[in-house]
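Chemist: What would the 3D arrangement of this be:
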Amino acid sequence: MKEVAGMENGRVLAVNSMVRIEHVEIDSKDLNHGFTKFVQHLKKNSLSWPQLLTSSFNAGKTSVTVACDSEWLDALLRTLERGKDMRKQRKASRSVSLTCFGGVSSELPFKALQVLGHRGIIPDKYVLSPHSVNLFVPAESREAAVKALHSPVQQT
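Modeler: I've put the predicted structure just below:
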């Protein structure tokens with residue numbers, strides 16, 4: 001293995017946003033068990049796979065964050081109302097993402113959080129991928145976050 005020079009010197013190309021994200025909590029013994037239950041629920045209710053944004057396991061609960069069109073998300077939430085071991089975890093949120101050319105700079109999430117914080121927007125989570133920083137913001141802050149995060153785009 002060798003270090004690839006410049007992998008963290010990427011520049012921000014675009015700001016993107018997902019209008020609606022839902023968070024599902026599943027009673028489970030581990031992450032695999034939680035996903036197995038989630039897949040069974042999708043099949044049982046004739047729901048296609050959504051876009052999976054994040055997942056985690058803690059204290060007997062698998063958390064899954066998903067995005068899809070509103071019709072699909074509404075259908076998912078209706079089916080969750082009938083179950084006992086799977087539920088809507090919290091209020092829906094939105095994502096705002098910075099897409100980069102090259103790798104994501106290690107300081108980019110911090111810069112994005114500062115830009116948003118100066119405008120009173122407090123994301124509750126961020127997720128990194130090799131070419132993007134995805135921030136989950138309250139629904140009412142999505143448009144302001146998109147506008148605010150255009151400043152890192154213009155600086156690169």
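Chemist: tell me what the helix or strand harbouring Val24 is packed against?
Modeler: Applying DSSP states H and E as the criterion places Val24 in strand 11-27. Applying 3 or more CB pairs under 8 Å, 6 or more residues apart in numbering; DSSP states H and E, one finds that strand 11-27 makes contact with helix 31-44, strand 61-67, helix 70-81, strand 86-88, strand 93-101, helix 142-148, helix 150-155. C-betas here are computed from N, CA, C, even on glycine.
Chemist: mind listing what the fifth one pairs with, with the direction of each?
Modeler: Each strand that pairs with strand 93-101, with its direction, by DSSP bridges: strand 11-27 (antiparallel), strand 132-138 (antiparallel).
Chemist: for these, which one sits closest to Arg78?
Modeler: Nearest of the strands paired with strand 93-101 to Arg78, taken as CB to CB: strand 11-27 at 11.9 Å.
Chemist: Using CSV, list the CA coordinates for the closest one.
Modeler: Below are the C-alpha coordinates for strand 11-27, written out as CSV (Å, rounded to 0.1, in the frame of the first residue of the first chain):
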residue,chain,number,x,y,z
ARG,A,11,-12.7,20.7,-3.9
VAL,A,12,-16.4,21.2,-3.4
LEU,A,13,-18.2,21.0,-6.7
ALA,A,14,-21.9,21.1,-5.7
VAL,A,15,-24.4,21.4,-2.9
ASN,A,16,-27.3,18.9,-3.1
SER,A,17,-30.2,18.2,-0.9
MET,A,18,-32.8,15.5,-0.1
VAL,A,19,-36.2,16.9,0.8
ARG,A,20,-37.2,14.1,3.2
ILE,A,21,-35.4,11.5,5.2
GLU,A,22,-37.0,9.2,7.7
HIS,A,23,-35.4,7.4,10.7
VAL,A,24,-36.6,3.9,11.6
GLU,A,25,-35.8,2.1,14.9
ILE,A,26,-35.8,-1.7,15.0
ASP,A,27,-35.7,-3.9,18.2
